[in-house]
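Novice: give me coordinates for this.
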Amino acid sequence: MRKLALHSVNEGGEIAVDYWADGHYRPEALQAISHLMRDRRSLEVGAISPKLVDLLYLLHSRLETREPIEIICGYRSPKTNAKMAKASKGVAKNSYHTRGMAADIRVKDRSARQIYKLAQSLDIGGVGYYGKSGFVHVDVGPPRSW
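Specialist: Got it, this is the predicted structure:
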């Protein structure tokens, strides 16, 4: 059994769900995670990749914390992403957020630097450090870091 606790910083919602049991993902749990990680601007819900959920679970377990992972940004609709990319050079035009494969996260009792270093060491996907803003980007695309 794999349990994941998430808190949406922008929406204020929180869930703690067993998303994997008896060798299978639990569809209702993945739907709840996708709903929590919805586009905060348009409120569109996009399917969050089970690989991303597994990465969040692995990060949380390796951080050895009881605090939930705080989601700053999960899914982003293509329309929202296009608006953000026009306004900021730091937003990728083909962001993994639009595919439900990325999350910007933090954990209350761990520094962004700690999360970044751990995520990098896993060599699973993309990892971005945003120290001034206090969060880390993780995705399940090709391994890379910035």
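Novice: elements contacting the particular helix or strand that has Val138 in it?
Specialist: Secondary structure assignment for Val138, by DSSP states H and E: strand 135-139. Secondary-structure packing of strand 135-139 (3 or more Cβ pairs under 8 Å, 6 or more residues apart in numbering; DSSP states H and E): helix 50-63, strand 102-106, helix 112-122, strand 126-130. For the C-beta atoms, the positions are set from N, CA and C on the backbone; glycine is no exception.
Novice: chain center to it, what's the gap?
Specialist: Here the centre of strand 135-139 is set off from its chain's centre by 7 Å, with Cα atoms, centre = their mean, to the nearest Å.
Novice: what's the angle from that strand to helix 112-122?
Specialist: Angle of strand 135-139 versus helix 112-122, following axes from the mean of the first three to the mean of the last three Cα atoms, to 10 degrees, is 20 degrees.
Novice: what lines up beside strand 135-139 in the sheet?
Specialist: Strand pairing for strand 135-139, determined by DSSP bridges: strand 102-106 (antiparallel), strand 126-130 (antiparallel).
Novice: average pLDDT for it?
Specialist: Here strand 135-139 scores 98 as its mean pLDDT.
Novice: cool, and stretch 105-125?
Specialist: 97.
Novice: output that stretch as PDB, nothing but the C-alphas.
Specialist: Presented in PDB, the C-alpha positions along stretch 105-125 are these (Å, rounded to 0.1, in the frame of the first residue of the first chain):
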ATOM      1  CA  ILE A 105       6.300  21.600  -4.600                       C
ATOM      2  CA  ARG A 106       7.600  22.400  -1.100                       C
ATOM      3  CA  VAL A 107       7.400  20.700   2.300                       C
ATOM      4  CA  LYS A 108       7.000  22.800   5.500                       C
ATOM      5  CA  ASP A 109       9.800  21.200   7.500                       C
ATOM      6  CA  ARG A 110      12.300  20.700   4.600                       C
ATOM      7  CA  SER A 111      14.200  23.300   2.700                       C
ATOM      8  CA  ALA A 112      13.800  23.700  -1.100                       C
ATOM      9  CA  ARG A 113      17.600  22.900  -1.300                       C
ATOM     10  CA  GLN A 114      17.000  19.600   0.500                       C
ATOM     11  CA  ILE A 115      14.100  18.600  -1.800                       C
ATOM     12  CA  TYR A 116      16.100  19.700  -4.800                       C
ATOM     13  CA  LYS A 117      19.200  17.600  -3.900                       C
ATOM     14  CA  LEU A 118      17.100  14.500  -3.100                       C
ATOM     15  CA  ALA A 119      15.100  14.800  -6.400                       C
ATOM     16  CA  GLN A 120      18.300  15.200  -8.400                       C
ATOM     17  CA  SER A 121      19.800  12.100  -6.700                       C
ATOM     18  CA  LEU A 122      16.800  10.000  -7.800                       C
ATOM     19  CA  ASP A 123      17.600  10.800 -11.500                       C
ATOM     20  CA  ILE A 124      14.000  10.200 -12.500                       C
ATOM     21  CA  GLY A 125      13.000  13.300 -14.400                       C
END
